[in-house]
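In: using only what follows, build the 3D model:
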Amino acid sequence: VAAAAVTLLCLLISVTYLNRSGQDTDPNLLTRQNSETATTLVTTLEDGSVVYLAGNTSLKFPEHFSSDRREVSLQGNALFDVAGNHKRPFIIETEDTRIEVLGTAFNVKSDNTQPFELSVQRGMVKVTLKQSGQDVYVKAGETVTLSSRKLEVSETKDHGQFATYVRQIRFN
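Out: Numbers count the residues shown, from 1 in each chain. All right, here's what the predicted structure looks like:
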């Protein structure tokens, strides 16, 4: 009984800490951060979209999306499974790119250790390079990579990348 009480207390403290540390300078923005490298943190957003955050990844999002768009900010690597809504596009801001989707699943790599890369598992994604305004459309089975300040689309070679997020999941 004592062990169960201690476990419950630790869980409550962890949840309280995550909720408080999720506050940004804007009181309407929440932050989910996965500081652990060996696990994937799973977060479900208010619209039903599910985000799988790899280690050392941060996602900023509003508690409630606006009526005309769903905007988030990503630093690091994440797998997105976006709920479809043609009237409210889902927009992801990374350091170098702006990603716009209506409903799809895709993997984004935007940490500072490698060039930006996005691979689409299903659906289609529009990626805009902020610096030049270059737009590319990436469909299922394709990958876009930032190379020499230009977005380049190619066939996805690593189909196993989508499964890496579900190996060691933590739910939030």
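In: alpha carbons only for contacts and neighbour counts from here, please
Out: Fine.
In: now do the strands in the protein.
Out: In the chain, the strands defined using DSSP state E lie at 29-34, 40-44, 50-53, 57-62, 70-81, 90-93, 97-101, 105-110, 117-122, 124-129, 135-139, 142-147, 150-155, 169-171.
In: pLDDT on stretch 121-134, on average?
Out: The average pLDDT for stretch 121-134 rounds to 93.
In: which parts of it are buried?
Out: 121-125, 127-129 (16 or more other C-alpha atoms under 10 Å).
In: pLDDT below threshold where in the protein?
Out: 1-27, 38, 102, 163-172 (pLDDT under 70).
In: ok, now which ones touch the nearest residue to Val51 once chain neighbours are set aside?
Out: Closest residue to Val51 apart from its sequence neighbours, by C-alpha to C-alpha, 6 or more residues apart in numbering: Phe80 at 4.7 Å. Phe80 makes contact with 49-52, 104-108, according to C-alpha atoms under 8 Å, 6 or more residues apart in numbering.
In: ok, and the closest non-adjacent residue to the most centrally placed residue in the chain?
Out: Most central in the chain under C-alpha atoms, centre = their mean is Ala78, positioned 4.1 Å from the mean C-alpha point. Residue nearest to Ala78 in three dimensions, not counting chain neighbours: Leu53, with 4.6 Å by C-alpha to C-alpha, 6+ apart.
In: please consider this matter closed, and thank you.
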